[in-house]
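no sequence on this one, just coordinates:
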């Protein structure tokens, strides 16, 4: 993480920097092994919200970052309405600051931070709007910044250094995550169609699912050996300090595949050309999700302790439970072991995030 120099900034900007770290303290306290430290989380959370509200009209990047962190605290508290509200504030500030355009006078760190804040807003806009059945704030065709820089290259930037030009720029996990979330946006649009439409157009659904399935597979195949999921790559990324990001990226991919094919588990659904194959693919990705969780748990620096993984684990477990009830008898022992593994993870996650109780 890059340090921040607050010398020469205005009083209001210093306040912004202060409470940007206050919500981080609130979130970070949940991961402490000391119960007394964990108990401070709610007080930190309330303090950060109060400071943010007191300076709400100060539109700056620190406030944008603070709103994102506070939204995640609200997610951890199970307050989805407040979560959505803080994300909306962050997105609107990012638009008002025109973070997508950047500033040629900024050094490399500042320009990359602005890009990452903008792309974070892009990602949470899709996730949050989908969860709340709300319209997205960032519209298709809106000006976008360059994709995030490779993680280690970003961390090695020093204050005052110039930004990477397009020739020297190289892709990283964050860049792939953005490309993947763009696919998820289309999956989300399909799910909204399924919910809103009473008379399904099976040809449209089949063609849409096939197109997305092909693109998801092509996306995975293009990752290359260093980003493909394996125990060796988990260990390598853990050593580099990108272990949790690497794990979260792959869990996200399995989740997107699961929700794309989930509808085909329904035994009462009309038979379709590829329905049985898609149901099998849904089960495959649920098993892979479980494998990734188990592998990551063996490395503390790669363990997937993000709050959102509670929801994703429930989805994986529901697919496994379906297979336990309706699958082949030869799969029972393996499926039961995977369900138990998912439950162990949920029990551990509950220690850090109160909202796990709401999805369990």
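Looks like it arrived, so ask away. Computed from a prediction, not measured in an experiment: that's the story for all the values here.

what residue ranges in this structure score low on pLDDT?
1-33, 140-141, 359-360 (pLDDT under 70).

can I see the domain layout of it?
As recorded under automatic domain parsing, the domains making up the chain are 11-155, 182-359.

and the helix or strand containing residue 74, how far from the chain's centre?
According to DSSP states H and E, residue 74 maps onto helix 61-77. Here helix 61-77 is found 14 Å from its chain centre; the criterion is CA atoms, centre = their mean, to the nearest Å.

What is it packed up against?
Helix 61-77 sits against helix 11-29, helix 41-54, helix 80-96, helix 108-132, with contacts defined as 3 or more CB pairs under 8 Å, 6 or more residues apart in numbering; DSSP states H and E. In this view, the C-beta of every residue, glycine as well, is placed from N, C-alpha and C.

buried stuff in it?
Going by neighbour count (16 or more other CB atoms under 10 Å), the buried part of helix 61-77 is 61-77.

Same question for stretch 267-274.
Buried, per 16+ other CB under 10 Å, within stretch 267-274: residue 272.

and the end-to-end length of that stretch?
14 Å (CA to CA, to the nearest Å).

all numbers from here: first residue = 718
Let's use 718 as the start, then, which means that last one is stretch 984-991.

Can you tell me what sits against that stretch?
919, 922-923, 926-927, 980-981, 992, 1043 (CB atoms under 8 Å, 6 or more residues apart in numbering).

Which members of the residues you listed are the farthest-apart pair?
Largest separation among those by CB to CB: 927 and 1043, giving 24.2 Å.

Quick check: the gap between the spatially closest residue to residue 1019 that is not a sequence neighbour and residue 1045.
Nearest non-adjacent residue to residue 1019, counting by CB to CB, 6 or more residues apart in numbering: residue 960, 3.1 Å away. As judged by CB to CB, to the nearest Å, residue 960 and residue 1045 stand 35 Å apart.

neighbour count winner among the two?
When residue 960 and residue 1045 are compared on other CB atoms under 10 Å, the one with more neighbours turns out to be residue 960, at 22 against 8.

tell me the contacts of that one?
For residue 960, the contacting residues are 951, 954, 1013, 1016, 1018-1020, by CB under 8 Å, 6+ apart.
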